[in-house]
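Undergrad: when you get a sec, could you give me coordinates for this:
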Amino acid sequence: MSLPWKIKLMISAYSRIRKACFRPNFTINRRLLRLFDPKTPPTPPSSLYRRRHCHWRVSNHIRSIVISVNYRLAPEHRCPAQYDDGFDVVKFLDSVDPTRLPPGADLGRCFIMGDSAGGNLGHHVVARAGACKFERVRLRGLIAVQPFFGGEERTESEIRIGNGAPGLSVDRADWFWKAFLPKGSNRNHPAANVFGPNSARFSGSKFPNTLVVIGGSDPLQDWQRKYCKGLESAGVGVRLVEYPNAFHGSYVFEDLPESSLMLDEIRDFMSQQLKVT
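TA: Down below sits the predicted model:
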């Protein structure tokens, strides 16, 4: 893969940091990881990101108010703690005093978005929300950017790409699953393999239209395509966007053309869903 030297150096450095932080016993050196994981501060004192108050790229590009969920992290807190936290935020928004929200906030025009693990979390939160009746919140779409799904079988893309692409290796993905899933579970757990042999029957009747972004150098791409097919089989409208040169997490590098293209796709998808009655 041909990448600018600056990005190659950044990927190499981050790979070394992750190797030092993610231990063989499936624990994480959080203190070291935080030194190299800077956070964009929200608009004080909440978790809100607004265009005129911050430089967070996604919030600015899609012209939206973004609420960042500070969910509990694995392996200190295993699945389903993260899904519980995400769903609790949706319930909180539905019950919050509207005067506590920024001017212009419209809970009838909500989207859930996540990349990588966040894409996985987004799916499970939306699926839970479909079983509930909200007073104010209306979820208009799910945006899953290279969502982190898997299973026990090895797909063609996992075998072909293996540990050879930047961003995410198959070995590292396996480590993440072992650190995240309930102890004793394998990758066919419904949290990972959402349309797999151990998953309950999925009904798409209350699941919103979904945008899925896939990268051609992401070893998880076959699982992401399986996810799209599972949604479509359940009657969910799916918009699939593929970038042949993108690797897992490549959107964070603003110098890569796919980064801006993806934000344009997200903005267009949101605009289209808001036109639907």
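
Undergrad: so what's the closest residue to residue 206 other than its chain neighbours up against?
TA: If the residues on either side of it in the chain are set aside, residue 206 comes closest to residue 130, at 3.6 Å by Cβ to Cβ, 6 or more residues apart in numbering. (Each C-beta comes from the backbone N, C-alpha and C, glycine too.) By Cβ atoms under 8 Å, 6 or more residues apart in numbering, the contact set of residue 130 is 203, 205, 206, 207.

Undergrad: could I get the pLDDT score of residue 130?
TA: On pLDDT, residue 130 comes in at 93.

Undergrad: can you report how many residues neighbour residue 205?
TA: 8 (other Cβ atoms under 10 Å).

Undergrad: what's the helix or strand for it?
TA: Using DSSP states H and E, residue 205 sits within no helix or strand.

Undergrad: can you tell me how far it sits from residue 234?
TA: According to Cβ to Cβ, to the nearest Å, residue 205 stands 8 Å off from residue 234.

Undergrad: just to revisit the earlier point, could the contacts of residue 130 go into TSV alongside distance to residue 275 and pLDDT?
TA: Below are these laid out as TSV (distance: Cβ to Cβ, whole Å; pLDDT from 0 to 100):
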residue	distance to residue 275	pLDDT
203	25	89
205	21	91
206	20	93
207	19	97
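
Undergrad: among those, which ones are buried?
TA: Among the contacts of residue 130, the ones that count as buried by 16 or more other Cβ atoms under 10 Å are residue 207.

Undergrad: residue 85: which of the contacts of residue 130 is nearest?
TA: Closest to residue 85 out of those is residue 207 (20.3 Å), distances taken as Cβ to Cβ.

Undergrad: low-confidence ranges, this structure, go.
TA: Residues of the chain that meet the criterion pLDDT under 70 lie in 1, 38-55, 277.

Undergrad: please enumerate the helices of it.
TA: 5-21, 30-35, 57-61, 81-95, 117-129, 156-161, 170-180, 221-233, 257-275 (DSSP state H).

Undergrad: and those: which comes nearest residue 199?
TA: When the helices of the chain are compared (using Cβ to Cβ), the closest one is helix 221-233, at 8.9 Å.

Undergrad: coming back round to it: and the residue nearest to residue 206, how far from residue 66?
TA: 22 Å.

Undergrad: same thing with residue 200?
TA: Relative to residue 66, and taking Cβ to Cβ, residue 200 is found at 31 Å.

Undergrad: ok, those two, which is more surrounded?
TA: Counted by other Cβ under 10 Å, residue 200 and residue 66 do not tie: residue 66 has more neighbours, with 19 against 8.

Undergrad: in the sheet, who's paired with that one?
TA: Judged by DSSP bridges, the bridge partners of residue 66 are residue 49.

Undergrad: verify the stated contact: it with residue 60.
TA: No - assessed by Cβ atoms under 8 Å, residue 66 is found out of contact with residue 60, at 9.6 Å.

Undergrad: so residue 219 makes contact with residue 154?
TA: No - counting by Cβ under 8 Å, residue 219 stays clear of residue 154, with 9.8 Å between them.

Undergrad: list residues touching both of these two?
TA: Contacts common to residue 219 and residue 154, judged by Cβ under 8 Å, 6+ apart, are residue 170.

Undergrad: more neighbours: which of the two?
TA: residue 219 (29 against 13).
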